[in-house]
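K.L.:
Sequence unavailable; structure follows:
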């Protein structure tokens, strides 16, 4: 009986091992297929996109490491794990597949029967279907592999045209100092040609190109590759001197006479190539940095009032421009609903990126501000601004614009103006107190909710508005609710006098404002003129002369000339104060106390300047001699050493600027006159060459030729060769331009001619 049972059990064990091998192979393919596609994509990225080459190589190494770890872990799956997976997948195996791994002689009679039963069922499952017992899903890995292969194809298709652009790269000739040739000796090695290839960064979306001149321009972050071909190989390769960096060039594979160096360039710099002990001339690389987007608001204006009967909508049109491409834009609107203490704010953000598809360099952003959809009603306001980003995430924000919906519920009539209502005295805070309240609000901001913060900030903004209106009256501005109120009270009643210039600038106390109606109640019988027309037209000549004589002493309310008591300079500063207060109020009303604080401080500082400007200062003059001891000099009558005091303002000695440039100019002057230069002449010229190189970075077209001439002169001095006569004046002019302008020296004026002297003599009689 045991012999009959052994054959199917042994075949079942072999079947389990075969199932494990096939299952692990299929699972390995599931892991390998998308991984190989990903490696291919990263390889294309590393091969054809130099700006992200190191990032792609790092990704390749990480992906290979993950693949090895995943395959090792996968093939550690043993037969017991396979049997457990079969038990979970096929209930008819009755969780007994693990018995097939045990030898039959070690099992009990009941376990042996169960082992034989499981072996028969496993054989029947294997023979009943051609599908594998342990299936593996290939759909998702296949889709992922297809997507990665498409990505690799896209990266290859849109690769920077490095080969096409550089195949026609012109061979540039860098100027090297030619060594003297010695007959009978091998000619020294020299650079035959140089090619420069520039690969702009990916954000510029520009193809690679070849530099047409040794001095060239490139975007910031470009990858620049120098390729040189020499006449013969030497012990030391060519060295690229890029600014302060010295980079030895690498030999090209299978080309011993060709070398290359590739470096990213972030700032403008000078470079030269040194080979066989001889440097080339200096050449400039001008880097063009990426600029932030520029926004210009076409419509609307800074302030727009939507009048009654007009459509409650405002067209917003913004012209955006960037040097390489715009990616995102949005409009941020802050809605102010209600009035006074019941005002509420909310922020609405609208995306304007629909017109920026394809990253255009110029675009027109359009949006329709529909006031009802924003929740506005009559009397409400909306503040908005526009933000734009480029493909380097540089952000630009426009100014803030205001749109107000006219309030039709406010009714005014001429009868309301004539009604004399004695309102309560208006108290207003000083500018210093507003600053204290703002700083207190900023200190408590982390503990406040957004609604509480907006409410308290709006309250401070209301105090700022009252104070602004208070100072505005001194410049002729009308305050709300007090139309026609005078700027100051009459001087005949000092106890009822409104705050004058002292209250304008005094900021250390709280002042009380009295309305015009409460301050003065005049009638036609008060005994002084109010500027009314005479009620009796039959005025005699004597009465008219009497009125004319009394005119200068009359208290007239409508005299605009006497109402202006401020100097023009003081009025200009008060206008600046009102402007700063308005900016602070705007930010306080919109819930931005942190941004309002600088404007509040500037307003206070200007107020203090007005206060100091209205005071008269007399500088103390004269000489206060030191005290003399009575026992020695005092009262002796000795005048030895006495003299009138002389005040001389100490003048600091002007430091000698550019000493290296001045030393080089002295050397060039000696050489130009044919004199023998000293032993340190070449070193002095080299030191001045550093100053000239820094100037050539800013203006290469002006100083680069002079720098080359200075280097030629220095090299000729070291080699004791004849000096290049054409290089001396060029270098001398450039070094002279680097010196600061000389201080003006006093000059003696020429005497007047005889006719002028005779004219002045006649005038002096």
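P.N.:
In hand now; what should we look at? All values reported here derive from a predicted model rather than from experimental measurement.
K.L.:
how's the chain carved up into domains?
P.N.:
Using automatic domain parsing, the domain parsing of the chain gives 2-154, 162-178+189-288, 294-405, 427-490+497-517+564-616, 660-738.
K.L.:
Export those domains as a markdown table, with columns for mean pLDDT.
P.N.:
Putting the domains of the chain into a markdown table (pLDDT from 0 to 100) gives the following:
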| stretch | mean pLDDT |
| --- | --- |
| domain 2-154 | 75 |
| domain 162-178+189-288 | 84 |
| domain 294-405 | 89 |
| domain 427-490+497-517+564-616 | 74 |
| domain 660-738 | 79 |
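K.L.:
Put together CSV for the ones you listed, with mean neighbour count on each row.
P.N.:
For glycine as for every other residue, the C-beta is placed from the backbone atoms N, C-alpha and C. CSV is the format used below for the domains of the chain (neighbours: other C-beta atoms under 10 Å):
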stretch, mean neighbour count
domain 2-154, 15
domain 162-178+189-288, 17
domain 294-405, 16
domain 427-490+497-517+564-616, 17
domain 660-738, 17
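K.L.:
got a list of contacts for stretch 297-309?
P.N.:
With contact meaning C-beta atoms under 8 Å, 6 or more residues apart in numbering, stretch 297-309 is reached by 312, 314-319, 364, 371, 378, 386, 398-399, 401-406, 408.
K.L.:
6 Å instead?
P.N.:
By C-beta atoms under 6 Å, 6 or more residues apart in numbering, the residues outside stretch 297-309 that reach it are 312, 314-315, 317-319, 398, 401-406, 408.
K.L.:
Stretch 443-455 too?
P.N.:
Here stretch 443-455 makes contact (C-beta under 6 Å, 6+ apart) with 345, 591.
K.L.:
Can you give me the end-to-end span of it?
P.N.:
16 Å (C-alpha to C-alpha, to the nearest Å).
K.L.:
Please shift the residue numbers so they start at 780 in all later answers.
P.N.:
From this message on, residue numbering opens at 780, which makes the last subject stretch 1222-1234.
K.L.:
Tell me how far that stretch lies from the chain's centre.
P.N.:
29 Å (C-alpha atoms, centre = their mean, to the nearest Å).
K.L.:
What of stretch 1518-1526?
P.N.:
Computed by C-alpha atoms, centre = their mean, the chain-centroid distance of stretch 1518-1526 equals 40 Å.
K.L.:
Check what pLDDT residue 936 gets.
P.N.:
At residue 936, the model reports a pLDDT of 81.
K.L.:
That one - how many residues pack around it?
P.N.:
9 (other C-beta atoms under 10 Å).
K.L.:
Next, work out how far apart it and residue 922 are.
P.N.:
Separation of residue 936 from residue 922 (C-beta to C-beta, to the nearest Å) stands at 21 Å.
K.L.:
Please apply the same query to residue 1023.
P.N.:
52 Å.
K.L.:
again, but for residue 796
P.N.:
32 Å.
K.L.:
Show me where the stretch 830-979 of the chain has its strands.
P.N.:
Secondary structure of the stretch 830-979 of the chain (DSSP state E, counting those that start in this stretch): strands located at 970-978.
K.L.:
Ok, the stretch 1080-1229 of the chain next?
P.N.:
So, for the stretch 1080-1229 of the chain - with DSSP E, counting those that start in this stretch - the strands run 1082-1085, 1092-1100, 1105-1116, 1123-1130, 1141-1149, 1160-1169, 1174-1176, 1180-1184, 1205-1207.
K.L.:
from the chain's centre, how far out does stretch 1136-1154 sit?
P.N.:
Between the centre of stretch 1136-1154 and the centre of its host chain there is 24 Å, according to C-alpha atoms, centre = their mean.
K.L.:
Quick check: end-to-end length of that stretch?
P.N.:
30 Å.
K.L.:
and the gap between residue 1134 and residue 1143?
P.N.:
Distance from residue 1134 to residue 1143, by C-beta to C-beta: 7 Å.
K.L.:
no, scratch that, I was asking about residue 916
P.N.:
50 Å.
K.L.:
swap in residue 1348?
P.N.:
Applying C-beta to C-beta, the value for residue 1348 to residue 1143 is 45 Å.
K.L.:
ditto for residue 1038
P.N.:
Distance, residue 1038 to residue 1143, using C-beta to C-beta: 50 Å.
K.L.:
Ok, residue 1048 next?
P.N.:
38 Å.
K.L.:
again, but for residue 855
P.N.:
Counting by C-beta to C-beta - residue 855 and residue 1143 are separated by 62 Å.
K.L.:
do residue 1508 as well
P.N.:
54 Å.
K.L.:
Check residue 1478 too.
P.N.:
37 Å.
K.L.:
can you check residue 1041 too?
P.N.:
Residue 1041 is 41 Å from residue 1143, by C-beta to C-beta.
K.L.:
cool, residue 1160 as well?
P.N.:
26 Å.
K.L.:
same deal with residue 970?
P.N.:
To residue 1143, residue 970 is 51 Å away according to C-beta to C-beta.
K.L.:
what's the helix ranked longest in the chain packed up against?
P.N.:
Secondary structure of the chain per DSSP state H: the longest helix is helix 781-827. Applying 3 or more C-beta pairs under 6 Å, 6 or more residues apart in numbering; DSSP states H and E, one finds that helix 781-827 contacts helix 832-853, helix 858-868, helix 888-907, helix 918-936.
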